[in-house]
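*Asks:* Build me a structure from this.
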Amino acid sequence: MSSKVRFVSVLLVAALMVIAGSVMLMQKANAQQPIVTLDSKQDNGATVHLGTIDAYGIPGLLLPNIAGAGPGNTIITYHPAPGYYFVRWETTGGCSVTNVNSNPTTLTIETSGSATAIYSKTGTGVGGVTMPTNTLLVLAPYLALIGLVATAAVVVKRRLEA
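*Replies:* From the prediction side, this is the model:
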């Protein structure tokens, strides 16, 4: 074979090796980490997302919290909102805890899943019905204020143009 043909052959083989190596590295780099959802809910379903959780060495994660986490263990601690107390942990998917009644506990992550802190209201009630809260209701006064400011701005602009 001529030296040009050999050079082209060697160059093609080298290019194929580089491409094959890159593909294998990209597959490793793009491997999906398990997705873990941390959350909380009241034992009677009246409220959700109250309190914070310490996990992955990060204190005070707001709930719900969704993160990609490698397989392994992490200590999780639930901090209930004022007026509530921790009851137990519930897990789904490839997540489990060492002790469902312990706070803190060790969360074991194998594949995607969730860990939910179950909490209850402190004190005793005097009876009645507990209704779920509408979390969007808190926004109503702010939305009304924004509407008033926008209306006032339009009125002022029209008077200045007149």
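*Asks:* what ranges do the strands span in this structure?
*Replies:* Applying DSSP state E to the chain gives strands spanning 35-42, 52-55, 58-62, 65-68, 72-79, 84-97, 105-121.
*Asks:* between the fifth one and strand 35-42, how big is the angle?
*Replies:* Meaning strand 72-79. 20 degrees (axes from the mean of the first three to the mean of the last three C-alpha atoms, to 10 degrees).
*Asks:* thinking again about what came up before, which among the strands of the chain is found nearest to V149?
*Replies:* Go through the strands of the chain one by one with C-beta to C-beta and the one that ends up closest to V149 is strand 58-62, at 28.6 Å. To be clear about C-beta, it is placed using only N, CA and C from the backbone, and glycine gets the same treatment.
*Asks:* if we can go back for a sec, of all the strands of the chain, which lies closest to A150?
*Replies:* Between the strands of the chain, strand 58-62 lies closest to A150; by C-beta to C-beta that is 29.9 Å.
*Asks:* If I average pLDDT within each of the strands of the chain, which one is lowest?
*Replies:* Among those, strand 65-68 carries the lowest mean pLDDT, a mean of 88.
*Asks:* Need the CA coordinates for that one. CSV is fine.
*Replies:* Taking Å, rounded to 0.1, in the frame of the first residue of the first chain, the C-alpha atoms of strand 65-68 are listed here in CSV:
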residue,chain,number,x,y,z
ASN,A,65,-38.1,20.1,47.4
ILE,A,66,-37.1,18.1,44.4
ALA,A,67,-33.4,17.3,43.8
GLY,A,68,-31.2,15.0,41.8
